[in-house]
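Trainee: coordinates for the following, if possible.
(chains A and B)
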Amino acid sequence: MIQTVRMSETATATTLELRGVSKSFGSVEALRSVDFEVRDGEVMALVGDNGAGKSTLIKCVAGIYSIDDGELYFDGKRVSIHSPKDAAKLGIEVVYQDLALCDNLDVVQNMYLGREERDFLFRLKESPMEQKTAETLASLSVTTLKSVRQPVATLSGGQRQSVAVSRAVMWNNRVVFLDEPTAALGVAQTRQVLALVKRLAEQGIAVVIVSHNLIDVFEVADRITVLRLGRNVGVYERDKTNQQQIVQAITAGKPDVGAPA
Amino acid sequence: MSSAAPAEVQAAAVDGSLAAIARARWEALKGGDVGFLPVLVGIVAITAFFTAKTSIFFTAVNFSNLIGQMAGTTVIAIGVVFVLLIGEIDLSVGYVSGIASVAVAEFQMAGSSHDYPGLVAIGLAIGIGAAIGLVQGSIIAFLGVPSFVVTLAGLLVAQGMIINLLGTQGVIGIQDKQVNDVANYVLTKNTGWIVAAIFTGGLALATLGAYLSRRRAGLPTGNVALAVLRVVFYGGLAFAAVAVCNHYRGVPLVGLVVLFVVVLFSYLAGRTTFGRHVYAVGGNAEAARRAGINVKLIRILCFVICSSCAALGGVIFASRLNSVDLTFGGGTILLDAISAAVIGGVSLFGGRGKVVGALFGGLIIGMISNGTDLVGSADWVKYVTTGLILLAAVTLDTVARRRQAAVGR
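Mentor: Numbering: from 1, shown residues only, chains lettered A, B, ... in the order given. Take a look at the predicted model:
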């Protein structure tokens, strides 16, 4: 069935697509012939129990693991990703759970970390970097920051997450993976981050959100992919399913229940 | 000051009104970012104390002496700043400076097979320091051996080498004029003024450049009066220092050397990609690695900078006494240098602090040493005082970190 789904989608063009991807660690099959896809301007949720293969899938796409079997397509073209650099070159960015921000640096410095603009004297071009940071944050309606020159240590959890996500966007990435973006946040901050996730999609970015929180998932996702024991057990459209169905798919695995996306 | 951005960028990023700036500063203070406030208070207090105790302390002669006394330690401390910024430690700086002292004396030795001109000897000594840093840094970065242990081993090896090199005669005199000039040459009075003018002009240009570039980019430009005041303040300090020195013999060349090293490494740490990456590695090495920064290379380069600065410090020590002997590299050099960096606000936990802090810290340690000598107190007073100030500085750093964590979440 998934095969037919894919055929029908080629018209609207997937941004990133995995076909029959497998990955084993010794005798443990973390991914077994998994199909997965995400399109421009779409929020795809990736859900599943612990050990379902979510992290492995992300790391395969991010170039941290190389896949044993299967094919990766980007904009319909066959690609191979062997290192984080390959992923970055394609425009795939992963925002990991622990955020990877430097507390002692300010927002601008974190946004440009490792990609600083400089002149011929190796001097940092502070003004353009600050300007671009302010623009990016404004375009994503991240407005709660007092100053982009605040050290990240002084930000709230939601603000930090917003900075990490905005950084992923600033570099014209096409596909952004968010690993548990709301895991450590309070109610208001969760809403703030989810709103940001929606805005990413509105800007045409293909967003993949990994989460255990189905309430969050149903709030932002357009479609939901369920992994169970390394297999894709179904892709569900948010509007045509409910939490109970997803929970069932996560725990028992009912590939036939899902409406084809 | 906790951020690595240049001061004028940080100052300008806040809204222009003085009230807003004061409020931002207060917020930062509450967040555990005390800046240079304690250091400045300390400098004023120590000056007041010793001035009251002895009439010699606050004189032009003693000020010139102080520059010579603090120069070596301060230069070493500037190198230590880089190692502390990445959250490591270098215990070998004392004896690495000793190795450089011996090296510069050896390489200028008249009548030997290696009688090089003074500047070449100095270059070779600093090169040896850099090589030691390269070896230590590589072991730490590639093999993951804790820097504490690697540099402790380095300390012992360097000490052994000094004894080995000086073993037979125990002392080498330095006749080379260029080497001796490093710590003993005095600039003419007019040259002193020119140096102060160049320093002030450079600072003014940097401030103006930042202002114009921010205005062009449509960013908040901060309070212009405050920016001007900052230039006037530091420029005024430079001119005042020159005026005092000129009242005696003139500005010691070694003071210019220290100023040059401070400016060079402040530039490197605050305004270049390399400096930014140093702060990033100290703040969150994993984040830096994921951002594509070559963390190992940054680590190694920091140890190279540290050992090179230590070597330059050793050259200054040797030049000051016109000779080297078996006591070089030992004594309180190591602890003074690390204390100077820490007292100057550089965090032992990595990622926080500024190069210029080493200058302030070196000044405080130099003033205590100089003052206690003048007053004629026993050596124990010097050690106890320095120890207590160091403890206060580290406590402040630790508390500041906790405050920052508390405000952050």
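Trainee: contact partners for B:Gly173?
Mentor: Contacts were defined as Cβ atoms under 8 Å, 6 or more residues apart in numbering or on different chains; by that measure B:Gly173 touches B:Ala105, B:Asn322, B:Ser323. Quick note: C-beta positions are derived from backbone N, CA and C, even for glycine.
Trainee: among those residues, which ones are buried?
Mentor: Listed as buried from the contacts of B:Gly173 are B:Ala105, B:Ser323; burial here means 16 or more other Cβ atoms under 10 Å in any protein chain shown.
Trainee: out of the contacts of B:Gly173, which sit inside strands?
Mentor: With DSSP state E as the criterion, strands contain B:Ser323 from among the contacts of B:Gly173.
Trainee: is any part of stretch A:140-154 close to chain B?
Mentor: Yes - using Cβ under 8 Å from any Cβ of the partner chain as the criterion, contacts between stretch A:140-154 and chain B involve A:Ser147, A:Val148, A:Arg149, A:Pro151, A:Ala153, A:Thr154.
Trainee: what two of the residues you listed have the greatest distance between them?
Mentor: The two members of the residues of stretch A:140-154 next to chain B with the most space between them (Cβ to Cβ) are A:Val148 and A:Ala153, at 14.5 Å.
Trainee: hmm, back to that, need the contacts of B:Gly173 in TSV with distance to B:Leu85, can you?
Mentor: Shown next, in TSV, are the contacts of B:Gly173 (distance: Cβ to Cβ, whole Å):
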residue	distance to B:Leu85
B:Ala105	32
B:Asn322	35
B:Ser323	35
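Trainee: picking that back up, comparing A:Val148 and A:Ala153, which residue is more hemmed in?
Mentor: Taking A:Val148 and A:Ala153 together and counting by other Cβ atoms under 10 Å in any protein chain shown, A:Ala153 has the greater number of neighbours (26 against 22).
Trainee: that one touches A:Asp106, doesn't it?
Mentor: No - contact between A:Ala153 and A:Asp106 fails when scored by Cβ atoms under 8 Å: they sit 9.5 Å apart.
Trainee: rewinding a little: tell me the one among the contacts of B:Gly173 nearest to chain A.
Mentor: Proximity of the contacts of B:Gly173 to chain A (Cβ to the nearest Cβ) peaks at B:Ala105, which lies at 35.4 Å.
Trainee: so B:Ile89 sits in a helix?
Mentor: No - assessed with DSSP: H, G, I helix; E, B strand; the rest coil, B:Ile89 is coil; it does not lie in a helix.
Trainee: isn't it up against B:Thr151?
Mentor: Yes - the pair B:Ile89 / B:Thr151 is scored as a contact, 6.8 Å apart, by Cβ under 8 Å.
Trainee: those two: who's more crowded?
Mentor: B:Thr151 (31 against 18).
Trainee: could you find the closest non-adjacent residue to the residue nearest to the spatial centre of chain A?
Mentor: For chain A, A:Phe177 is the residue whose C-alpha lies nearest the centre (Cα atoms, centre = their mean; 1.3 Å). If the residues on either side of it in the chain are set aside, A:Phe177 comes closest to A:Val94, at 4.3 Å by Cβ to Cβ, 6 or more residues apart in numbering or on different chains.
Trainee: now the phi/psi pair for the one you found, please.
Mentor: Geometry field for A:Val94 lists phi and psi as phi -110, psi 130, criterion degrees, to the nearest 10.
Trainee: quick one, what contacts it?
Mentor: Taking Cβ under 8 Å, 6+ apart, we find A:Val94 in contact with A:Ile58, A:Val61, A:Ala62, A:Ala87, A:Ala168, A:Val176, A:Phe177, A:Asp179.
Trainee: pLDDT and secondary structure added to the residues you listed, as a markdown table?
Mentor: Listed next are these as a markdown table, based on pLDDT from 0 to 100; DSSP: H, G, I helix; E, B strand; the rest coil:
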| residue | pLDDT | secondary structure |
| --- | --- | --- |
| A:Ile58 | 89 | helix |
| A:Val61 | 89 | helix |
| A:Ala62 | 85 | helix |
| A:Ala87 | 86 | helix |
| A:Ala168 | 82 | helix |
| A:Val176 | 91 | strand |
| A:Phe177 | 91 | strand |
| A:Asp179 | 88 | strand |
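Trainee: so which of those is the closest to chain B?
Mentor: Of all these, chain B sits closest to A:Ala62, with 9.9 Å by Cβ to the nearest Cβ.
Trainee: what about the helices in the stretch 1-150 of chain A?
Mentor: Here the stretch 1-150 of chain A has its helices, by DSSP state H, counting those that start in this stretch, at A:2-9, A:54-62, A:84-90, A:107-111, A:126-139.
Trainee: ranking these by burial, who's on top?
Mentor: helix A:107-111 (a mean of 28; mean count of other Cβ atoms under 10 Å in any protein chain shown).
Trainee: now check it, is it near chain B?
Mentor: Yes - judged by Cβ under 8 Å from any Cβ, helix A:107-111 and chain B are in contact via A:Val108, A:Gln109.
Trainee: neighbouring contacts of that helix?
Mentor: Applying Cβ under 8 Å, 6+ apart, the set of residues contacting helix A:107-111 is A:101-102, A:126, A:129-130, A:133, A:136-137, A:145, A:147-150, A:152, A:155, A:163, A:166-167, A:170, B:3-5, B:276, B:279-280.
Trainee: let's see 7 Å
Mentor: In this structure, residues lying in contact with helix A:107-111 by Cβ atoms under 7 Å, 6 or more residues apart in numbering or on different chains are A:101-102, A:129-130, A:133, A:145, A:148-150, A:152, A:163, A:166-167, A:170, B:4-5, B:276.
Trainee: and that helix, how far out from the chain's middle?
Mentor: Relative to the mean C-alpha coordinate of its chain, helix A:107-111 is positioned 20 Å out (Cα atoms, centre = their mean, to the nearest Å).
Trainee: give me the average confidence score over it.
Mentor: With pLDDT averaged residue by residue, helix A:107-111 scores 92.
Trainee: quick one: buried residues of whichever strand or helix holds B:Leu212?
Mentor: If you go by DSSP states H and E, B:Leu212 is part of helix B:189-216. Using 16+ other Cβ under 10 Å as the test for burial, helix B:189-216 gives B:189, B:192-193, B:195-196, B:199-200, B:203-204, B:206-207, B:210-211, B:213-214.
Trainee: restrict those residues to those near chain A?
Mentor: The subset of the buried residues of helix B:189-216 within reach of chain A, by Cβ under 7 Å from any Cβ of the partner chain, is B:Ser213, B:Arg214.
Trainee: got the contact list for A:Ser24?
Mentor: The contact partners of A:Ser24, taken as Cβ under 7 Å, 6+ apart, are A:Ala30, A:Asp68.
Trainee: tell me how far it lies from A:Ile67.
Mentor: A:Ser24 sits 10 Å away from A:Ile67, going by Cβ to Cβ, to the nearest Å.
Trainee: how about B:Leu297?
Mentor: With Cβ to Cβ as the criterion, B:Leu297 and A:Ile67 are 30 Å apart.
Trainee: please apply the same query to B:Arg403.
Mentor: Taking Cβ to Cβ as the measure, B:Arg403 and A:Ile67 are separated by 47 Å.
Trainee: neighbour count: the two, which is higher?
Mentor: A:Ile67 (21 against 16).
Trainee: give me the phi and psi angles of the more buried one.
Mentor: With angles defined as degrees, to the nearest 10, A:Ile67 sits at phi -80, psi 150.
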